[in-house]
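**Q** Sequence and predicted structure below; questions after.
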Amino acid sequence: MRSVALALALAVLAAPAAADETWLLPEDGVYCPAEGQDVYAIVVGPGGGLGIDGLDCENVRLSRGRVRSSACVSNGGHPVDLDTDLLILPSGSMFHDGVLFRRWRGPLPCPVS
């Protein structure tokens with residue numbers, strides 16, 4: 001009986017799960033372009049929410065340098081899907097569309113050069 005329980009436990013651990021990947025997101029907050037580029041800031045919200053490219057997204061999934069969500073809303077309120085590049089760096093900064101974003105703790109809006 002113990003061997004059956006052990007085999008079942010190993011099978012559960014070995015099976016790929018639809019795991020919560022939102023822990024991969026950096027700390028909640030506003031991330032501004034590091035060099036003051038005139039682009040939208042990235043906003044990381046609680047519970048896996050992400051504001052990126054003018055979209056407000058929930059239930060984001062990060063995988064292989066991409067972020068995806070089928071629960072986004074555009075600035076006009078229209079539902080849209082998200083599938084774009086987003087690298088989370090070890091420092092907690094993000095790299096998206098050729099721009100480095102760092103957490104901003106100053107007054108908003110983000111500074112622009």
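**A** On my side now, so go ahead.
**Q** Roughly how far does V60 sit from D53?
**A** In this view, V60 and D53 are 12 Å apart by Cβ to Cβ, to the nearest Å. All C-beta atoms are positioned from the backbone trio N, CA, C, and that covers glycine.
**Q** Need the overlap of contacts for those two.
**A** Counting by Cβ atoms under 8 Å, 6 or more residues apart in numbering, the residues touching both V60 and D53 are L82.
**Q** If you count surrounding residues, which of these two has more?
**A** Here V60 and D53 are set side by side on neighbour count (other Cβ atoms under 10 Å), and the busier one is V60, at 22 against 17.
**Q** Retrieve the pLDDT associated with that one.
**A** V60 is assigned 93 on the pLDDT scale.
**Q** ok, now G48?
**A** Looking at G48, its pLDDT is 82.
**Q** and what of D28?
**A** Reading off the model, D28 has pLDDT 94.
**Q** show me what contacts it?
**A** For D28, the contact set (Cβ under 8 Å, 6+ apart) comprises 44-46.
**Q** Narrow the residues you listed to just the buried residues.
**A** For the contacts of D28, a neighbour count by 16 or more other Cβ atoms under 10 Å gives the buried set as V44.
**Q** now, which of the contacts of D28 lie within strands?
**A** V44 (DSSP state E).
**Q** Tell me the one of the contacts of D28 nearest G76?
**A** Of all these, G76 sits closest to G45, with 19.8 Å by Cβ to Cβ.
**Q** how about the strands of this structure, start to end?
**A** With strands called from DSSP E, the chain shows them at 29-33, 42-44, 50-52, 55-58, 61-63, 66-73, 79-85, 87-88, 94-96, 99-104.
**Q** now the second one: mean pLDDT?
**A** Read that as strand 42-44. On average, strand 42-44 scores 97.
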